[in-house]
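Visitor: Following is a predicted model, sequence given first.
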Amino acid sequence: MPDAHLLAIRNRDTDVANLEPSFFRILLDGKYFKYITIDPGTYSTKELCLPLLLQKKLPRLLLDEDTQPWNVARISLQAGSPTVVEAFQASLPTIDIPYCPEQPTSVEYLSLKFIRRLKPNVCLVASAGFDRPVIAKFANFYWETDYIAEIQAYSWLHGHDIPAPKFLGYITENGRVTGLLTENVKGRRAALSDLHLCQDTLRRLHDLGIVHGSLDKNKFLISQGRAVIMGFETAERSEDPDEMEKEKEILTERFQYSTSPTDE
């Protein structure tokens with residue numbers, strides 16, 4: 001029988017009530033990502049919530065050279081023991097027709113050096129391809145597809161004078177696109193006194209036929225006298241002037257209710 005391989009749980013989506021399946025993104029031998037579903041009741045809640053403990057109790061998981069290729073598996077109780085009841089090669093989401101700027105760059109996820117986590121799926125990272133830290137936005141699990149919408153939005157912005165972080169390239173995992181890299185904009189948070197700058201940026205976005213979809217003051221940074229707009233996960237094409245007018249009103253309301261004049 002093949003030997004067991006080095007295993008590390010990188011991400012988890014755990015049902016703490018242990019009534020629904022729990023999901024894990026694991027790394028085998030430091031280079032192969034696999035996605036594991038664990039049926040409820042297979043392990044205790046404590047085991048599910050403590051990756052280092054769970055890693056020791058998982059059944060042996062084989063690499064592709066040891067068995068048939070697979071990237072998705074399910075573990076369930078069989079005769080009282082956690083058992084791999086299915087493992088198969090699934091076609092996981094990717095970008096079929098990537099947006100290509102003048103110098104497209106693809107960076108493998110495992111080559112990134114993580115500096116600081118900003119949100120669950122957003123990190124400040126270093127990469128050999130860039131001379132300064134950049135922002136990485138990525139999917140931890142294959143059903144998280146916000147990055148697909150955001151890459152599409154950057155394709156709409158390309159070549160237009162919209163104050164937004166520069167799109168720098170793609171993040172890949174085992175050959176498929178799972179995220180994007182953008183410029184790390186240096187600036188300060190927007191305050192109520194910057195509302196006119198934010199409104200100008202939003203007007204430019206609307207002139208391109210794009211609505212942002214989730215605006216508030218935290219989606220702007222003030223940099224070099226302009227309001228840089230960020231977070232295009234919910235951006236959509238629109239030709240509806242009423243929808244755009246509503247977004248303008250929402251922006252104003254959220255600034256007025258959430259900021260002081262200078263945010264000091």
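Guide: That came through fine. What you see is a predicted model; the values in this text were computed from it and never measured.

Visitor: Share the number of residues neighbouring the nearest residue to Glu20 once chain neighbours are set aside, please.
Guide: Residue nearest to Glu20 in three dimensions, not counting chain neighbours: Pro40, with 5.9 Å by C-beta to C-beta, 6 or more residues apart in numbering. Placement of C-beta: from N, CA and C, glycine included. The criterion is other C-beta atoms under 10 Å. On that basis, Pro40 has 16 neighbouring residues.

Visitor: Can you pull out the residues in contact with the helix or strand containing Glu249?
Guide: Per DSSP states H and E: Glu249 is located in helix 241-258. Residues outside helix 241-258 that contact it (C-beta atoms under 8 Å, 6 or more residues apart in numbering): 190, 192, 195, 198-199, 202, 206, 211-213, 215-217, 238.

Visitor: same thing with stretch 28-44?
Guide: Stretch 28-44 has contacts (C-beta under 8 Å, 6+ apart) with 5-8, 10, 15, 18-27, 48, 54, 57-58, 61, 63-64, 70-77, 82, 92, 109-110, 141-142, 173-174.

Visitor: List the buried residues in that stretch.
Guide: By 16 or more other C-beta atoms under 10 Å, the buried positions in stretch 28-44 come out as Leu28, Tyr32, Phe33, Lys34, Tyr35, Ile36, Thr37, Ile38, Asp39, Pro40, Thr42, Tyr43.

Visitor: With stretch 225-241 instead?
Guide: So for stretch 225-241, counting by 16+ other C-beta under 10 Å, buried means Arg226, Ala227, Val228, Ile229, Met230, Gly231, Phe232, Glu233, Ala235.

Visitor: helices and strands around the helix or strand of the chain with the lowest mean pLDDT, which ones?
Guide: Least confident helix or strand of the chain, by mean pLDDT, DSSP states H and E, is helix 146-157 with a mean of 89. Other elements packing on helix 146-157 under the criterion 3 or more C-beta pairs under 8 Å, 6 or more residues apart in numbering; DSSP states H and E are strand 134-138, strand 167-173, strand 176-182, strand 210-211.

Visitor: Which is the succeeding secondary structure element to the shortest one?
Guide: Next in sequence after strand 210-211, counting helices and strands by DSSP H and E, comes strand 220-223.

Visitor: so what strands line up beside that following strand?
Guide: Here strand 220-223 is paired, per DSSP bridges, with strand 188-189 (antiparallel), strand 226-229 (antiparallel).

Visitor: Would you single out the least confident of those strands?
Guide: Ranked by mean pLDDT, the strands paired with strand 220-223 bottom out at strand 188-189, which scores a mean of 95.

Visitor: quick one: contacts of it?
Guide: Taking C-beta under 8 Å, 6+ apart as the rule, strand 188-189 contacts Lys217, Asn218, Phe220, Leu221, Ile222, Ser223, Asp263.

Visitor: which stretches of the stretch 1-150 of the chain form strands?
Guide: 7-13, 22-28, 32-38, 72-78, 81-88, 106-108, 113-119, 122-126, 134-138 (DSSP state E, counting those that start in this stretch).

Visitor: now, of those, which is deepest in the fold?
Guide: Among the strands of the stretch 1-150 of the chain, ranked by average contacts under mean count of other C-beta atoms under 10 Å, first place goes to strand 134-138 (a mean of 22).

Visitor: got the contact list for Ala164?
Guide: Residues near Ala164 by C-beta under 8 Å, 6+ apart: Tyr154, Leu157, Val228, Ile229, Met230, Phe232.

Visitor: actually Gly209, not the one I wrote
Guide: Contacts of Gly209 by C-beta under 8 Å, 6+ apart are Arg237, Ser238, Glu239.

Visitor: Can you classify the last one as helix, strand or coil?
Guide: When classified by DSSP: H, G, I helix; E, B strand; the rest coil, Glu239 comes out as coil.

Visitor: for it, what are its contacts?
Guide: By C-beta under 8 Å, 6+ apart, the contact set of Glu239 is Gly209.
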